[in-house]
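*Asks:* predicted structure and sequence below. I'll ask about it afterward.
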Amino acid sequence: MTKAIHLRNCATNPSIFNSIISIARQFFSTTCAAAGYEGVRKLFGSSIGVLQDKDLLKKAPNGELLVLYLIDNGAMDADASLYNQLLKKCTEWKRLKEGRVVHEHFLRSRFSHYTVPNNTLINMYAKCESMGDARKVFDEMPERDMVSWTALITGYSQNEGAKEGLVLFTEMLRFGFMPNQFTFGSVIKAAGALESDSTGRQLHGACVKCGYEDNVYVGSALVDMYARCGLMDEGKIVFDKLSCKNEVSWNGLIAGHARKGEGEIALKLFCEMKRGGFQPTHFTFSSVYAACANIGALEPGKWVHVHMIKSGLELIAFIGNTLLDMYAKSGSIDDARKVFDRLVKKDVVSWNSMLTAYAQHGLGIETVECFEEMCRIGPEPNEVTFLCALTACSHAGLLDNGMHYFELMKKFKIEPNISHYVTIVDLLGRSGQLDRAEKFINEMPIEPSAAIWKALLGACRMHKKLELGVYAAERVFELDPHDSGPHILLSNIYASAGRRSDAARVRKMMNQSGVKKEPACSWVEIENAVHMFVANDDAHPQREEIRNMWEKITDKIKEIGYVPDTSHVLWFMDQQEREERLQYHSERLALAFALLNSPSGSPIRIKKNIRVCGDCHTAFKFVSKVVDREIILRDTNRFHHFRNGSCSCGDYW
């Protein structure tokens with residue numbers, strides 16, 4: 001039912017004018033605006049129409065709010081409900097500026113002490129992310145009720161003010177107010193943002209004592225709180241006990257598993273939610289896309305995308321950004337670009353997501369073009385934007401572009417952080433300008449971190465610079481002694497220089513200090529099922545067929561020029577992995593399995609949890625030519641697209 005505010009001297013026949021807008025356009029002509037209310041009476045008599053709810057925030061020609069102008073000129077009677085409706089409309093449309101104007105007008109009225117409009121003011125400021133104003137209204141209220149406390153606590157919980165919300169909750173209890181379901185829901189949300197779960201557990205106990213544990217609103221908040229604390233078992237217990245579930249409770253559980261990298265569980269819960277008759281929301285789809293992105297599950301991600309299209313949900317920015325990220329991290333850069341192009345409104349996160357996607361796939365030229373396009377027509381780039389552009393330049397060897405963008409940051413008044421400096425060292429190092437990279441480090445305005453020296457160490461490994469590599473490694477050991485990567489890189493540098501005793505010494509140092517290398521594993525998705533492999537894997541049901549396939553492939557690639565680099569067996573791995581044969585690295589087993597079980601000619605997508613070794617990279621190039629298929633390998637560093645005997649990285653990774 002449409003709300004309506006009747007003006008003074010309202011005619012009994014509203015058909016003369018359907019809305020105040022048509023009147024206002026005539027009334028607020030130059031003559032009428034000067035004549036005021038008496039001018040209205042002379043021109044229109046007593047037949048002034050009805051102000052519709054949708055017109056509450058319409059402006060008069062002089063820039064004032066129409067309703068407030070009419071009140072000030074005696075054409076309308078003000079009451080508390082009118083102010084309340086105006087403030088609700090400001091909240092709905094997130095009109096902070098207009099809300100402040102209404103607030104000032106309200107303070108001059110005789111209703112300024114009324115509790116309900118003041119509560120609406122608190123909510124309006126909170127929803128418009130102006131918590132200072134919300135707190136000021138609360139503190140100046142002559143009388144507060146339960147809604148007042150809950151509105152402010154909710155505002156804090158929704159605006160990264162978890163600690164303030166919890167303090168206010170404690171203060172509320174001291175004043176003798178008993179929390180209701182909405183208060184508990186908001187304060188539990190605030191507890192979920194804390195590092196410790198102890199406060200959340202205490203609030204859970206209070207909910208049980210007050211009889212709210214089975215309330216769907218409170219229960220959903222508890223599920224989300226435990227999920228944000230990483231306590232998925234506790235969250236599932238609360239979820240299972242809820243006699244009545246809703247989309248929010250499902251979202252909390254799905255999002256929790258997505259954040260923990262448990263993509264398969266998140267997808268399973270999504271299916272259960274659908275079977276239960278619940279309609280996924282934007283937040284549901286966003287969480288599931290993030291889960292698919294984490295495990296690189298392209299086919300399930302496409303299936304979920306189809307469900308979203310069928311549901312009729314609009315591709316708004318935040319969900320479009322996660323969908324774009326899902327396609328990019330699943331190896332389908334073309335689909336990622338299609339999503340980007342179809343976004344109704346592209347925000348800075350949208351552009352950064354597309355730039356990140358291009359950078360991850362080693363498409364330096366495309367990244368540069370996208371960055372330049374953003375500077376022309378998009379939002380102003382931020383520090384993340386520049387980091388994406390610099391990373392792409394580093395991966396693609398675009399030295400001049402990278403250095404130009406680093407200097408361009410000054411124009412946008414963006415102060416480089418440690419990540420930007422790491423990328424520049426990496427850019428210089430990959431380009432072979434190691435002396436320049438070292439000089440850049442020494443002249444940095446901030447103290448070099450372990451990541452800075454790791455970037456230089458990696459470049460020394462690539463260009464076989466022993467002395468500088470040893471120096472960089474020593475700096476890393478001082479700053480981050482428990483990272484296995486630098487130890488392995490240094491060992492490889494020694495091995496490449498023929499200093500095997502020094503390489504063995506580094507390995508011995510790793511063992512003595514308890515530094516462990518992360519075990520390598522690779523996984524491939526075939527017909528919506530994910531198959532994982534470790535080096536020399538003999539646990540898979542098709543292990544014999546897999547090994548036979550790889551042996552056949554090895555014979556074929558040797559015929560066209562592949563020569564195994566056995567240094568990767570002896571010096572790239574730790575003691576246990578050295579015993580494994582080179583040809584049974586995890587990514588090779590995943591590739592052989594995919595060749596056995598996927599249609600001829602279709603792309604093969606493989607994920608690996610660590611950086612691909614140099615010999616596997618070489619082997620994959622030859623395989624792509626022999627089998628005439630695209631092989632997309634995602635490691636921790638980037639994507640590699642192998643086609644017709646070459647890789648998209650140009651052997652520059």
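*Replies:* Thanks, I have the structure now.

*Asks:* residue boundaries of the strands in the protein?
*Replies:* For the chain, applying DSSP state E gives strands covering 4-6, 50-52, 521-526, 529-534, 604-608, 631-634, 639-643, 646-647.

*Asks:* to residue 216, which of the ones you listed lies closest?
*Replies:* strand 529-534 (33.6 Å; C-beta to C-beta). No exception for glycine: its C-beta is placed from N, CA and C like everyone else's.

*Asks:* give the pairing partners of that closest one; include direction for each.
*Replies:* Here strand 529-534 is paired, per DSSP bridges, with strand 521-526 (antiparallel).

*Asks:* average pLDDT for the strand it pairs with, rounded please.
*Replies:* Mean pLDDT, computed over strand 521-526, is 90.

*Asks:* still on that earlier bit, most tightly packed of the strands of the chain?
*Replies:* Counting by mean count of other C-beta atoms under 10 Å, strand 604-608 has the highest mean neighbour count of those, with a mean of 25.

*Asks:* list the helices and strands that strand packs on?
*Replies:* strand 521-526, helix 586-597, strand 631-634 (3 or more C-beta pairs under 8 Å, 6 or more residues apart in numbering; DSSP states H and E).

*Asks:* and residue 339, which of the ones you listed is closest to it?
*Replies:* Nearest of those (C-beta to C-beta): strand 631-634, 17.9 Å.

*Asks:* low-confidence ranges in the chain?
*Replies:* 1-51, 566-582, 653 (pLDDT under 70).

*Asks:* thinking again about what came up before, now distance to residue 454 too, for the strands of the chain, in TSV please.
*Replies:* Below are these laid out as TSV (distance: least, C-beta to C-beta, whole Å):
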stretch	distance to residue 454
strand 4-6	66
strand 50-52	64
strand 521-526	22
strand 529-534	25
strand 604-608	19
strand 631-634	21
strand 639-643	21
strand 646-647	23
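
*Asks:* out of those, flag the one nearest residue 209.
*Replies:* Across those, closest to residue 209 is strand 529-534 (C-beta to C-beta), at 44.0 Å.

*Asks:* among the strands of the chain, which is nearest residue 176?
*Replies:* Here strand 4-6 is closest among the strands of the chain (C-beta to C-beta), at 37.5 Å.

*Asks:* just to revisit the earlier point, and of the strands of the chain, who's closest to residue 324?
*Replies:* Among the strands of the chain, strand 639-643 comes nearest to residue 324, with 14.8 Å by C-beta to C-beta.

*Asks:* the closest one: how far from the chain's middle?
*Replies:* How far strand 639-643 lies from its chain's middle: 26 Å, per C-alpha atoms, centre = their mean, to the nearest Å.

*Asks:* same deal with stretch 274-291?
*Replies:* 16 Å.

*Asks:* can you check stretch 276-293 too?
*Replies:* That offset, for stretch 276-293, works out to 14 Å (C-alpha atoms, centre = their mean).

*Asks:* give me the number of residues near the nearest residue to residue 507 once chain neighbours are set aside?
*Replies:* Among residues not flanking residue 507 along the chain, residue 491 sits closest, at 5.8 Å (C-beta to C-beta, 6 or more residues apart in numbering). A count of nearby residues for residue 491, using other C-beta atoms under 10 Å, gives 27.

*Asks:* surely residue 491 meets residue 506?
*Replies:* Yes: under the criterion of C-beta atoms under 8 Å, residue 491 makes contact with residue 506 at 4.4 Å.

*Asks:* got the buried residues for the top helix by length along the chain?
*Replies:* In the chain, assigned by DSSP state H, the helix with the most residues is helix 543-559. For helix 543-559, a neighbour-count test (16 or more other C-beta atoms under 10 Å) marks 546-547, 549-550, 553-554, 557 as buried.

*Asks:* using PDB, list the CA coordinates for that helix.
*Replies:* What follows is helix 543-559, C-alpha atoms only, in PDB (Å, rounded to 0.1, in the frame of the first residue of the first chain):
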ATOM      1  CA  ARG A 543      48.200 -46.300 -11.100                       C
ATOM      2  CA  GLU A 544      49.400 -48.900 -13.700                       C
ATOM      3  CA  GLU A 545      47.700 -47.300 -16.600                       C
ATOM      4  CA  ILE A 546      48.900 -43.800 -15.500                       C
ATOM      5  CA  ARG A 547      52.600 -45.000 -15.400                       C
ATOM      6  CA  ASN A 548      52.300 -46.800 -18.700                       C
ATOM      7  CA  MET A 549      50.800 -43.700 -20.300                       C
ATOM      8  CA  TRP A 550      53.600 -41.500 -19.000                       C
ATOM      9  CA  GLU A 551      56.300 -43.900 -20.200                       C
ATOM     10  CA  LYS A 552      54.800 -43.800 -23.700                       C
ATOM     11  CA  ILE A 553      54.600 -40.000 -23.600                       C
ATOM     12  CA  THR A 554      58.200 -39.800 -22.400                       C
ATOM     13  CA  ASP A 555      59.400 -42.000 -25.300                       C
ATOM     14  CA  LYS A 556      57.600 -39.700 -27.800                       C
ATOM     15  CA  ILE A 557      58.900 -36.400 -26.400                       C
ATOM     16  CA  LYS A 558      62.500 -37.800 -26.300                       C
ATOM     17  CA  GLU A 559      62.200 -38.500 -30.000                       C
END
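
*Asks:* how near is residue 464 to residue 484?
*Replies:* According to C-beta to C-beta, to the nearest Å, residue 464 and residue 484 sit 21 Å apart.

*Asks:* so for these two, which sits in the more crowded spot?
*Replies:* More neighbours surround residue 484 than the other of residue 464 and residue 484, with 14 against 11 (other C-beta under 10 Å).

*Asks:* wait, what's in contact with the more buried one?
*Replies:* Neighbouring residues of residue 484 by C-beta atoms under 8 Å, 6 or more residues apart in numbering: 510, 515-518, 574.

*Asks:* residue ranges of the helices in the stretch 251-400 of the chain, please?
*Replies:* 263-275, 282-295, 298-311, 317-329, 333-342, 348-360, 364-377, 383-396, 399-411 (DSSP state H, counting those that start in this stretch).

*Asks:* dump the shortest one to PDB, keeping only the CA atoms.
*Replies:* Meaning helix 333-342. Written as PDB, here are the backbone C-alpha positions of helix 333-342 (Å, rounded to 0.1, in the frame of the first residue of the first chain):
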ATOM      1  CA  ILE A 333      40.800 -16.200 -18.800                       C
ATOM      2  CA  ASP A 334      38.500 -15.700 -21.800                       C
ATOM      3  CA  ASP A 335      35.400 -16.400 -19.600                       C
ATOM      4  CA  ALA A 336      36.800 -14.000 -17.000                       C
ATOM      5  CA  ARG A 337      37.000 -11.300 -19.600                       C
ATOM      6  CA  LYS A 338      33.400 -12.000 -20.700                       C
ATOM      7  CA  VAL A 339      32.200 -11.600 -17.100                       C
ATOM      8  CA  PHE A 340      34.100  -8.300 -16.800                       C
ATOM      9  CA  ASP A 341      32.600  -6.900 -20.000                       C
ATOM     10  CA  ARG A 342      29.100  -7.800 -18.800                       C
END
